[in-house]
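Colleague: What follows is a predicted structure for the sequence shown.
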Amino acid sequence: MIVCAADYVGYKIVEYLTESSHQISFLILDDNDRGGFNSKIKSLFNHVNIPEKIYNQNDLKDEKFLDKISKTEPKIGILAWWPYILKGRILSIPKLGWLNTRPSFLPFNKGKHPNFWCLVDQTPCGVSLQFIDEGIDTGNIIVREEIEISWEDTGKSIYEKSREAMIELVKKTLDDILENKIDQIKQTPDMGTYHNSKEIDSASKIDLDKNYTARQLFNIIRARMFSPYPTAYFFDDGKKYSVEIKTKELKNENES
């Protein structure tokens with residue numbers, strides 16, 4: 001198999017693959033080293049493989065490298081929290097396709113910032129495994145799992161829950177996926193929701209003269225709480241204000 005691994009989830013998935021004796025023929029790492037896990041991923045991989053099998057994202061555009069991969073006839077490619085969109089010839093090389101780890105409950109919240117939009121759009125929060133196609137998160141859904149959330153959750157806590165849920169979902173289902181035991185759900189253009197990266201800023205702006213339900217307003221504020229990133233905000237009298245909220249369930253309270 002080919003594995004493109006990045007960040008904490010990439011590290012934990014490579015850890016699982018190596019410990020469960022899945023053979024990684026090619027490991028591709030993110031040169032930007034998001035999260036700082038590249039050295040840990042390399043250490044895991046080199047313990048059971050030869051270092052020459054480690055590559056970076058730019059190699060995926062090199063025809064000689066693609067020729068080398070093609071000759072091994074890999075069964076599957078895995079995108080383990082991979083931050084780049086694959087295009088061109090590389091898409092068709094693995095026999096089964098490229099399995100993508102997606103931190104949203106597809107077909108909802110395709111695109112960017114699913115941990116924000118699942119709250120703001122009031123759609124299911126969750127994680128999915130899918131085989132990619134040439135679109136953005138539009139490929140067939142293999143398996144998905146909803147994440148339980150409460151009013152105490154924020155955009156950050158949902159992101160963190162998504163990471164852990166994704167790792168467990170891979171562990172539970174990968175062997176069945178490799179043996180084609182799971183029926184795929186084909187997505188159509190009218191299914192679910194999609195958001196691009198530019199939408200989050202305007203959606204985080206609170207209009208002081210607009211009517212919101214309390215639910216809508218609280219969801220916008222808590223969805224954008226993900227330090228060190230910007231919070232929800234509003235303008236008044238030419239000044240910009242940051243907004244945060246703290247919500248805590250009261251246990252054993254008799255008041256309704």
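Modeller: Looks like it came in fine.
Colleague: How is this protein divided into domains?
Modeller: Per automatic domain parsing, the structural domains of the chain span 2-194, 200-243.
Colleague: So which of these is the most surrounded?
Modeller: Among the domains of the chain, domain 2-194 has the highest mean neighbour count (mean count of other CB atoms under 10 Å), at a mean of 18. (C-beta placed from N, C-alpha, C; glycine too.)
Colleague: State the mean pLDDT of that one.
Modeller: What domain 2-194 shows for mean pLDDT is 95.
Colleague: Tell me where the stretch 51-200 of the chain has helices.
Modeller: Under the criterion DSSP state H, counting those that start in this stretch, the stretch 51-200 of the chain contains helices at 63-72, 114-120, 155-178, 199-203.
Colleague: Now do the spatially most central residue of the chain against Asp62, distance only.
Modeller: Per CA atoms, centre = their mean, the C-alpha nearest to the average position across the chain is that of Pro103, at 3.4 Å. Pro103 sits 29 Å away from Asp62 when distances are taken as CB to CB, to the nearest Å.
Colleague: likewise Lys68?
Modeller: To Asp62, Lys68 is 9 Å away according to CB to CB.
Colleague: circling back to that earlier point, so can I have JSON lines of the domains of the chain showing distance to Asn252?
Modeller: Compiled in JSON lines, those are given as follows (distance: least, CB to CB, whole Å):
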{"stretch": "domain 2-194", "distance to Asn252": "16"}
{"stretch": "domain 200-243", "distance to Asn252": "23"}
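Colleague: For Leu250, find the nearest of these.
Modeller: Among those, domain 2-194 comes nearest to Leu250, with 10.9 Å by CB to CB.
Colleague: Between the two ends of the closest one, how far is it?
Modeller: Separation of the first and last residues of domain 2-194 by CA to CA, to the nearest Å is 28 Å.
Colleague: Not counting its neighbours along the chain, what's nearest Asp207?
Modeller: The shortest distance from Asp207 to any residue other than its chain neighbours is 7.3 Å, reached at Phe234 (CB to CB, 6 or more residues apart in numbering).
Colleague: so what's that neighbour up against?
Modeller: Counting by CB atoms under 8 Å, 6 or more residues apart in numbering, Phe234 touches 205-208, 240-241, 243.
Colleague: Pick out whichever of these sits closest to Glu152.
Modeller: Nearest to Glu152 among the contacts of Phe234, counting by CB to CB, is Val243 at 17.3 Å.
Colleague: ok, the closest residue to the closest one other than its chain neighbours to Ile245 distance?
Modeller: By the measure of CB to CB, 6+ apart, the closest residue to Val243 outside its immediate chain neighbours is Ala232, 4.6 Å from it. Here Ala232 is placed at a distance of 9 Å from Ile245 (CB to CB).
Colleague: Right, I'll call it a day here.
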